[in-house]
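Trainee: need a 3D model of the following:
(2 chains)
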Number of protein chains: 2
Amino acid sequence: MAGNIFADLPKLPMAPEAAERMETLLARPGLRIERIVSSGQASPPGFWYQQADAEWVLLVSGEALLRFEDEPEARRLRAGDWLQIEPMRRHRVESTATDAPTVWLAVHYLKV
Amino acid sequence: MAGNIFADLPKLPMAPEAAERMETLLARPGLRIERIVSSGQASPPGFWYQQADAEWVLLVSGEALLRFEDEPEARRLRAGDWLQIEPMRRHRVESTATDAPTVWLAVHYLKV
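Mentor: Take a look at the predicted model:
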């Protein structure tokens, strides 16, 4: 399996009802690598992600505001920024760039 | 843990004896995510990588020629290209860009 993480990116601006795109690039027991393409979407108001698995995420291109519930302010992520998200740590995407696609690489893994 | 994958890149051209740089960004049982920064290096003549673990690799920036022993020609990798390398599959880096750093994200995992 091979590909390019910038393949088939949407043209912006998108219709407001357009959804984020998620594609699995690798799936193994306890490990999943996915590409997420955001085009201006944010998490719904009041919604928090809270995942049983751990996540390592790299913002490959674009820009986003990522908020952890246990931090007072959102973090501004730019191309190349990566971070670890511990299992069950509540977080949400406050915003993503509206002028260019935001491409995320997410590595989900079971924390043992 | 958080960081930027483009942080502290070397200025090119580098001295010929300069080494590739490898940094571990995440280490867990059966999983290791690392950043590799190449600045014109290639694998030594006749050398082949042959790893017991599986690898998923993303070329984040720069350019490289990656050769698998079981393929007649090297693959030219550009920014955004990703591929899977199966355990024990012999491969080598024929060349990397000399005008700008080549940044790799490598996800090493145990294939079960």
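Trainee: how about the strands in chain A?
Mentor: Assigned by DSSP state E, chain A shows strands spanning A:2-4, A:21-28, A:31-38, A:54-61, A:63-68, A:75-78, A:81-85, A:91-96, A:102-109.
Trainee: how about the residues of chain A near chain B?
Mentor: Counting by Cβ under 8 Å from any Cβ of the partner chain, the residues of chain A lying close to chain B are A:1-7, A:25-26, A:28-31, A:33, A:54, A:56, A:58, A:60, A:78-84, A:105, A:107, A:109, A:111-112. Where C-beta positions appear, they are placed from N, C-alpha and C, glycine not excepted.
Trainee: skipping adjacent residues, who's closest to residue A:91 in space?
Mentor: Closest residue in space to residue A:91, ignoring its immediate chain neighbours: residue A:68 at 4.9 Å, by Cβ to Cβ, 6 or more residues apart in numbering or on different chains.
Trainee: hmm, the one you found is touching residue A:88, no?
Mentor: No: if you go by Cβ atoms under 8 Å, residue A:68 and residue A:88 don't touch, sitting 11.7 Å apart.
Trainee: ok, the two, which is more surrounded?
Mentor: More neighbours surround residue A:68 than the other of residue A:68 and residue A:88, with 17 against 12 (other Cβ atoms under 10 Å in any protein chain shown).
Trainee: quick one: residues contacting the more buried one.
Mentor: Going by Cβ atoms under 8 Å, 6 or more residues apart in numbering or on different chains, residue A:68 touches A:75, A:89-91.
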